[in-house]
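Q: Sequence and predicted structure below; questions after.
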There are 2 protein chains.
Amino acid sequence: MKVLTKHTDYAVRALISLGMKPDSWVTAKAVSEEQAIPYQFLRRIMQELIKSGLVVSREGAGGGVRLARDPDTIRVKDVIEIFQGAVQVSECMFRKQLCSNRANCVLRHEIMRIEQMVNDEFAKVTVGKLISDLKRVQVLSEPKL
Amino acid sequence: MKVLTKHTDYAVRALISLGMKPDSWVTAKAVSEEQAIPYQFLRRIMQELIKSGLVVSREGAGGGVRLARDPDTIRVKDVIEIFQGAVQVSECMFRKQLCSNRANCVLRHEIMRIEQMVNDEFAKVTVGKLISDLKRVQVLSEPKL
DNA sequence: TTAACTGATACTAAATTAGTATCAGTTAAC
DNA sequence: GTTAACTGATACTAATTTAGTATCAGTTAA
Ligand code: FES
Ligand code: FES
């Protein structure tokens, strides 16, 4: 049971790369090399992030992309929603307005609690938080890098 | 972002059906009609549930399936694991023993907390609990059914 | 003018999920 | 002891989602 797809995984990693180089235009190529993400695939992911307004781009030589706003305001939940849609444990609610069988609704009820929890947790994790965690880990383990 | 597949969804519903008719052999056909699940699909799901030991079967005319143990000991988490594997937010840990890039591990760390939470929550929901919830709802809304 | 970029879009491949079909064997009932 | 109602095993197809590739047009800096 995989919760995050490659799209989301790569997108978050790309956002971390961008967030660590504020105020500069970073190319898709640079990110793809740094994070070992297939270039063309990453380009398409970037284009989505741009359309969604999480990053802004500049065309042409010397161009690239950068975060559109403070990393602390970019939540992993936002990224998930862009690439995987909102977390929903079961889709049956949308099949019919009122489901034929109450048993499922009971299941659904239990499950929506969990859904809410997951959403809340992913909303707490921001790119800014990931970057500061990352820096802390680096300081501890590779001080002179 | 869909968390439960049809396999899991149908399996849980089937287990609820079985749990509501204790001490009797219920046929796949009956469950398929009661829960509006495609018959052949449900048969294969049942076979998995039998192999996994959650239900036991009896062959031949008058045969069918029944829960192998108390509904309170059958957790939705068990069903998810049978059909979707254990909840894992990101798979990257298994790519290499030590990942090339620490950034991902940071992400992973945050994410494993969420993974644990989801697992714990799904472990709390049992078929027995769903059945009792269901009965309560029926009493409230359809007292004479 | 050229090289280094992004924008847009079309395409393919692989994996997963969903569903169907068939035949063999078992049991109950007549 | 034949038949009908069942499960066991297994092979197959279809649909959807995920992952990845390719190409060409347009923009900008040097
Ligand atoms: S909401 Fe889907 S079955 Fe009740
Ligand atoms: S554990 Fe997968 S990248 Fe670190």
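A: Cool, the structure landed. Ligands and ions are numbered 1, 2, ... in the order given.
Q: and the helix or strand that contains A:D78, anywhere near DNA strand C?
A: Per DSSP states H and E, A:D78 falls inside helix A:76-84. No. Applying CB under 7 Å from any atom of the strand, one finds helix A:76-84 out of contact with DNA strand C, separated by at least 12.6 Å. Glycine gets a C-beta too; all of them are placed from N, C-alpha and C.
Q: helices or strands next to that helix in the packing?
A: With contacts taken as 3 or more CB pairs under 8 Å, 6 or more residues apart in numbering or on different chains; DSSP states H and E, helix A:76-84 sits against helix A:6-19, helix A:39-51, helix A:102-124.
Q: Pull out the buried positions in that helix.
A: A:V76, A:K77, A:D78, A:V79, A:I80, A:E81, A:I82, A:F83 (16 or more other CB atoms under 10 Å in any protein chain shown).
Q: quick one: average pLDDT of it?
A: In this model, helix A:76-84 has an average pLDDT of 96.
Q: hmm, back to that, ligand 2: which of the helices and strands packed on helix A:76-84 is closest?
A: Taking CB to the nearest ligand atom, helix A:6-19 is the member of the helices and strands packed on helix A:76-84 nearest to ligand 2, at 8.5 Å.
Q: burial of A:A14, as a residue count?
A: 26 (other CB atoms under 10 Å in any protein chain shown).
Q: count of residues packed around the closest residue to it other than its chain neighbours?
A: Counting by CB to CB, 6 or more residues apart in numbering or on different chains, A:A14 lies nearest to A:V31, which is 5.1 Å off, once chain neighbours are set aside. Neighbour count of A:V31, defined by other CB under 10 Å: 25.
Q: Just the angle for the least confident helix or strand in chain A by mean pLDDT relative to helix A:6-19, thanks.
A: Every helix and strand of chain A was ranked by mean pLDDT, DSSP states H and E. The lowest is helix A:102-124, at a mean of 75. If you take axes from the mean of the first three to the mean of the last three CA atoms, to 10 degrees, helix A:102-124 sits at 20 degrees to helix A:6-19.
Q: Tell me the gap between helix A:102-124 and the middle of its chain.
A: 20 Å (CA atoms, centre = their mean, to the nearest Å).
Q: what's the angle between it and helix A:76-84?
A: Using the same axes, to 10 degrees: helix A:102-124 against helix A:76-84 is 120 degrees.
Q: can you pull the alpha-carbon coordinates of helix A:102-124 into CSV?
A: The C-alpha coordinates for helix A:102-124 follow below in CSV (Å, rounded to 0.1, in the frame of the first residue of the first chain):
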residue,chain,number,x,y,z
ARG,A,102,-25.6,1.1,5.3
ALA,A,103,-22.8,-1.3,6.2
ASN,A,104,-20.4,0.6,4.0
CYS,A,105,-21.4,3.9,5.5
VAL,A,106,-20.4,2.6,8.9
LEU,A,107,-17.1,1.6,7.5
ARG,A,108,-16.9,4.9,5.9
HIS,A,109,-17.5,6.7,9.2
GLU,A,110,-14.7,5.0,10.9
ILE,A,111,-12.5,5.6,7.9
MET,A,112,-13.2,9.3,7.5
ARG,A,113,-11.8,9.8,11.0
ILE,A,114,-8.5,8.3,9.8
GLU,A,115,-8.7,10.3,6.5
GLN,A,116,-9.0,13.5,8.5
MET,A,117,-6.0,12.6,10.7
VAL,A,118,-3.8,11.8,7.7
ASN,A,119,-4.8,15.1,6.1
ASP,A,120,-4.1,17.0,9.3
GLU,A,121,-0.7,15.4,9.6
PHE,A,122,0.4,16.0,6.1
ALA,A,123,-0.7,19.6,6.5
LYS,A,124,1.7,20.0,9.4
